[in-house]
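[1] I'll drop the sequence and a predicted model, then ask my questions.
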Protein chains: 2
Amino acid sequence: MKVRAIENGTVIDHIPSKNLFKVISIIGLEKMDTTIFIGNNLDSKKLGKKGIIKITNKFPSIDDFNKIALLAPSAIFNIIRNYNVVEKHKVEIPKVVDGIVKCMNPQCITNHDKVKTYFTVFIKDGELNLKFKYCEKNTDERNIEVIK
Amino acid sequence: MKVRAIENGTVIDHIPSKNLFKVISIIGLEKMDTTIFIGNNLDSKKLGKKGIIKITNKFPSIDDFNKIALLAPSAIFNIIRNYNVVEKHKVEIPKVVDGIVKCMNPQCITNHDKVKTYFTVFIKDGELNLKFKYCEKNTDERNIEVIK
């Protein structure tokens, strides 16, 4: 039971099910005007349960890649032309996150003044964590909120 | 180009594309643990562009019906058993909306005290409008925000 093939566009596969709707929001799928297909809670050997997004006639930017990497480090991007996969990209976890994510500390200067956030990325207990440059608060995977 | 058939569950068809993600949020699709399929911006004779939601092994409550009716008055609910449509329901626009929608007036008592909202529904310029019981402000289709 799969979502059907598309002729031209992008397939984002192997998205952790729990983060699928966050990924949808980050790439702005709600505002896209071309045909899209989404599947969630599909069986996956790697992830247990996965989500998949198929976008017809659109192709992601490098910015989209970086934003998705934080919530779906397992994601694979497939570029489809004439029903064939012509490019395949594995998302890579970035070492630093520059201005994409909000600091979860409400007192942090970046939530009040026009100061860009800047995090270094580390893994703690198997989960992604962001260590912030300006304040002491770490932002964990569950609290990652992307600035649009 | 369609989303594939499901064995058992619910298919919500003929959702206006612009409101698909609001409907998703109202029925709590983000939190569902069974397999789901979503399609948007699909060609539709009736609507121009439509969205469709397929939920495996779940069946909507009357509450879900009422909530969706406001944003997708054209929606059809299909109950699927063993790949067959065994029930088909047309959503109907309710005459009154009791406690489901927020009042868009920030000064309204219902946004400060524990007072339930209550609207009567009317159509203005082809769009759904809600006339509120307590304050003078009408809530139009674009501003309908459902209380979860």
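    Great, that's in hand.
[2] would you confirm that A:Ile27 contacts A:Lys67?
    Yes: look at A:Ile27 against A:Lys67 with Cβ atoms under 8 Å: they come within range, at 7.4 Å. Heads up, the C-betas are built off the backbone N, CA and C, glycines and all.
[3] which residues in chain A form helices?
    For chain A, the helices defined by DSSP state H cover A:20-26, A:62-71.
[4] please report how far the closest residue in space to A:Asn78 that isn't next to it in sequence lies from A:Ile36.
    Closest residue in space to A:Asn78, ignoring its immediate chain neighbours: A:Val11 at 4.2 Å, by Cβ to Cβ, 6 or more residues apart in numbering or on different chains. Using Cβ to Cβ, to the nearest Å, we find A:Val11 at a distance of 11 Å from A:Ile36.
[5] neighbour count winner among those two?
    The residue with more neighbours, out of A:Val11 and A:Ile36, is A:Ile36; 26 against 19, by other Cβ atoms under 10 Å in any protein chain shown.
[6] any idea how far chain B is from the more buried one?
    Distance from A:Ile36 to chain B, counting by Cβ to the nearest Cβ, to the nearest Å: 5 Å.
[7] do I have it right that that residue meets A:Ile55?
    Yes: counting by Cβ under 8 Å, A:Ile55 is a contact partner of A:Ile36 at 5.3 Å.
[8] pull up the overlap in contacts between those two.
    Each of A:Leu29 lies in contact with both A:Ile36 and A:Ile55 under the rule Cβ atoms under 8 Å, 6 or more residues apart in numbering or on different chains.
[9] quick check, stretch A:39-49 touching chain B?
    Yes: using Cβ under 8 Å from any Cβ of the partner chain, stretch A:39-49 reaches chain B at A:39-42.
[10] mind checking which of the residues you listed are in strands?
    A:39-42 (DSSP state E).
[11] list the contacts for the closest residue to A:Ile53 other than its chain neighbours?
    Leaving aside its chain neighbours, A:Ile53 sits nearest to A:Ile12 (4.4 Å; criterion: Cβ to Cβ, 6+ apart). Contacts for A:Ile12 (Cβ under 8 Å, 6+ apart) come out as A:23, A:27, A:52-55, A:60, A:68, A:72, A:75-78.
[12] state the distance from the residue lying closest to A:Cys108 once chain neighbours are set aside to A:Glu145.
    Take A:Cys108 and drop its neighbours on the chain: the residue closest to it by Cβ to Cβ, 6+ apart is A:Cys135, 4.6 Å away. With distances taken as Cβ to Cβ, A:Cys135 is found 15 Å from A:Glu145.
[13] go on, A:Lys31?
    Per Cβ to Cβ, A:Lys31 is found 18 Å from A:Glu145.
[14] which of those two has more neighbours?
    The neighbour comparison of A:Lys31 against A:Glu145 (other Cβ under 10 Å) goes to A:Glu145, with 12 against 8.
[15] excluding covalently adjacent residues, which one is nearest to the more buried one?
    Excluding the flanking residues, the one nearest A:Glu145 by Cβ to Cβ, 6+ apart is A:Lys102, at 4.5 Å.
[16] tell me, how many residues neighbour that neighbour?
    Count around A:Lys102 with other Cβ under 10 Å applied: 15.
[17] same thing with A:His14?
    Neighbours of A:His14 (other Cβ under 10 Å): 18.
[18] show the model's pLDDT score for it.
    On pLDDT, A:His14 comes in at 93.
[19] residue contacts, it?
    Counting by Cβ under 8 Å, 6+ apart, A:His14 touches A:44, A:46-47, A:50, A:52, A:72, A:74-76.
[20] with neighbour count and pLDDT as added columns, please give these in JSON lines.
    Compiled in JSON lines, the contacts of A:His14 are given as follows (neighbours: other Cβ atoms under 10 Å in any protein chain shown; pLDDT from 0 to 100):
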{"residue": "A:Ser44", "neighbour count": "17", "pLDDT": "90"}
{"residue": "A:Lys46", "neighbour count": "8", "pLDDT": "84"}
{"residue": "A:Leu47", "neighbour count": "16", "pLDDT": "85"}
{"residue": "A:Lys50", "neighbour count": "22", "pLDDT": "95"}
{"residue": "A:Ile52", "neighbour count": "22", "pLDDT": "95"}
{"residue": "A:Ala72", "neighbour count": "24", "pLDDT": "88"}
{"residue": "A:Ser74", "neighbour count": "16", "pLDDT": "86"}
{"residue": "A:Ala75", "neighbour count": "23", "pLDDT": "90"}
{"residue": "A:Ile76", "neighbour count": "16", "pLDDT": "90"}
